[in-house]
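got a structure for you, letters missing:
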């Protein structure tokens, strides 16, 4: 199931911005070329009440009322921004509700992205936290949610929103030391959320073997122990070796594999309730072929992938994985 609206193309933060409309255009064109863009569902705008489950009223009013301005130097606000951000959040909400009701995977093709938006701030090209809003909607219905954040940048907004919550498990793989500078292995959450905030802070060059090892030794064991009612994925393709903004080295097959394995995990632990929402990713070929590969695998087929170079074959990220396991040794069995 695809959730998409052509209005996502209308969002332009600023001329020549790296988070540009061509990102979503390239994905849709590739899906159409592969015969995978079938019957996309149009989303509704998230309501202010749904948004305020994770964002403070003062911040929501700021986004709504400021006609022109900036959330941060790279994240501009225009008259249409608030509604398009609400549309992206609405797409994540709709995709999540559908995957829960129908017990089958859903993909929300959205922009702007969301995981850097926190309780009372945006930034990093993000205004509203799409996946967090979708997760909070499920929590409001008494469900437990696991969020797997496969993006080169730490989802500081998602992490902070749920830092003291046990009803949401947040797991992030990211390049440590780049924007936004958060996501240390030792950040395990606070209060009732201790142990439910899991950061795997990779260094430059980490790719396929490191992500595979992290999945085997941390992600899958923790998710199985947590037993969520749904798994939501914040999927940024900027950990790809061709991405211009970061220095991780996932290949296209590596990306497709980790999402497909996560979907199989959802089939085992939560009846296939699995939703993927787009976050970052700024190399158009990498972005479009990974998303096409993911959609195909979720439908039981495959597409040809071009960017297949294996750069990390020996798990350069082992020290980061070990650091995360030490940080969580009192919360989870990760032997």
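Nice, thanks for sending it over. Since the structure is predicted, the reported quantities are computational estimates derived from the model, not experimental observations.

neighbouring strands of the longest strand anywhere in the chain in the sheet, and parallel or not?
Longest strand of the chain, by residue count under DSSP state E: strand 168-175. Strand pairing for strand 168-175, using DSSP bridges, gives strand 145-150 (parallel), strand 197-202 (parallel).

okay, those in a markdown table with distance to residue 34 next?
(C-beta placed from N, C-alpha, C; glycine too.) Listed next are the strands paired with strand 168-175 as a markdown table, based on distance: least, C-beta to C-beta, whole Å:
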| stretch | distance to residue 34 |
| --- | --- |
| strand 145-150 | 21 |
| strand 197-202 | 30 |
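
so which of these gets nearest residue 182?
strand 197-202 (8.3 Å; C-beta to C-beta).

in stretch 15-33, which residues are buried?
For stretch 15-33, burial by neighbour count (16 or more other C-beta atoms under 10 Å) applies to 19-20, 23-24, 26-28, 30-31.

could you dump the residues you listed into JSON lines with secondary structure and distance to residue 320 added?
As requested, these are exported to JSON lines (DSSP: H, G, I helix; E, B strand; the rest coil; distance: C-beta to C-beta, whole Å):
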{"residue": "19", "secondary structure": "coil", "distance to residue 320": "27"}
{"residue": "20", "secondary structure": "coil", "distance to residue 320": "31"}
{"residue": "23", "secondary structure": "helix", "distance to residue 320": "28"}
{"residue": "24", "secondary structure": "helix", "distance to residue 320": "31"}
{"residue": "26", "secondary structure": "helix", "distance to residue 320": "31"}
{"residue": "27", "secondary structure": "helix", "distance to residue 320": "29"}
{"residue": "28", "secondary structure": "helix", "distance to residue 320": "35"}
{"residue": "30", "secondary structure": "helix", "distance to residue 320": "32"}
{"residue": "31", "secondary structure": "helix", "distance to residue 320": "33"}
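
pick the one among these closest to residue 87.
residue 24 (12.2 Å).

the closest one touches residue 8, doesn't it?
Yes. Contact status for residue 24 versus residue 8: in contact at 5.2 Å, counting by C-beta atoms under 8 Å.

all strands of this structure, in order?
2-3, 69-72, 75-77, 106-108, 145-150, 168-175, 197-202, 230-235, 274-278.

wait, which of those is closest to residue 211?
strand 168-175 (6.3 Å).

go ahead and measure how far that closest one is from the middle of the chain.
In terms of C-alpha atoms, centre = their mean, to the nearest Å, the centre of strand 168-175 is found 9 Å from the chain centre.

equivalent analysis for stretch 270-284, please.
6 Å.

again, but for stretch 7-26
On C-alpha atoms, centre = their mean, the centre of stretch 7-26 falls 18 Å from that of its chain.

that older thread, need the overlap of contacts for residue 24 and residue 8.
109, 111 (C-beta atoms under 8 Å, 6 or more residues apart in numbering).

mind listing the helices for the stretch 101-250 of the chain?
130-139, 156-161, 208-214, 220-226 (DSSP state H, counting those that start in this stretch).

OK, contacts around residue 272?
99, 103-105, 263, 266.

separate out the buried members of the residues you listed.
Here, 16+ other C-beta under 10 Å leaves 99, 104-105, 263, 266 buried among the contacts of residue 272.

just give me the neighbour total for residue 139.
Applying other C-beta atoms under 10 Å, we find 18 residues neighbouring residue 139.

residues touching the residue nearest to residue 78 when sequence neighbours are not counted, list them.
Nearest non-adjacent residue to residue 78, counting by C-beta to C-beta, 6 or more residues apart in numbering: residue 68, 6.2 Å away. Neighbour list for residue 68: 76-79 [criterion: C-beta under 8 Å, 6+ apart].

buried members of the residues you listed into PyMOL, please.
Buried members of the contacts of residue 68, defined by 16+ other C-beta under 10 Å, are picked up in PyMOL with:
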select buried, resi 76+77+78
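
which pair of the contacts of residue 68 spans the longest distance?
In these, the most distant members under the criterion C-beta to C-beta are 76 and 79, with 11.4 Å between them.

from residue 171, how far out is the most centrally placed residue in the chain?
Ranked by distance to the mean C-alpha position of the chain (C-alpha atoms, centre = their mean), the top residue is residue 234 at 1.1 Å. Distance, residue 234 to residue 171, using C-beta to C-beta, to the nearest Å: 10 Å.

what touches both of the two?
147-149.

so who does residue 316 touch?
202-203, 205-207, 209-210.

give me that answer again for 10 Å
Counting by C-beta atoms under 10 Å, 6 or more residues apart in numbering, residue 316 touches 202-207, 209-210, 213, 249.

got TSV for those residues, with pLDDT too?
Shown next, in TSV, are those (pLDDT from 0 to 100):
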residue	pLDDT
202	98
203	97
204	98
205	97
206	98
207	98
209	98
210	98
213	98
249	98
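
would you mind checking the residues you listed for buried ones?
Buried among the contacts of residue 316 (16+ other C-beta under 10 Å): 202, 206-207, 209-210, 213, 249.
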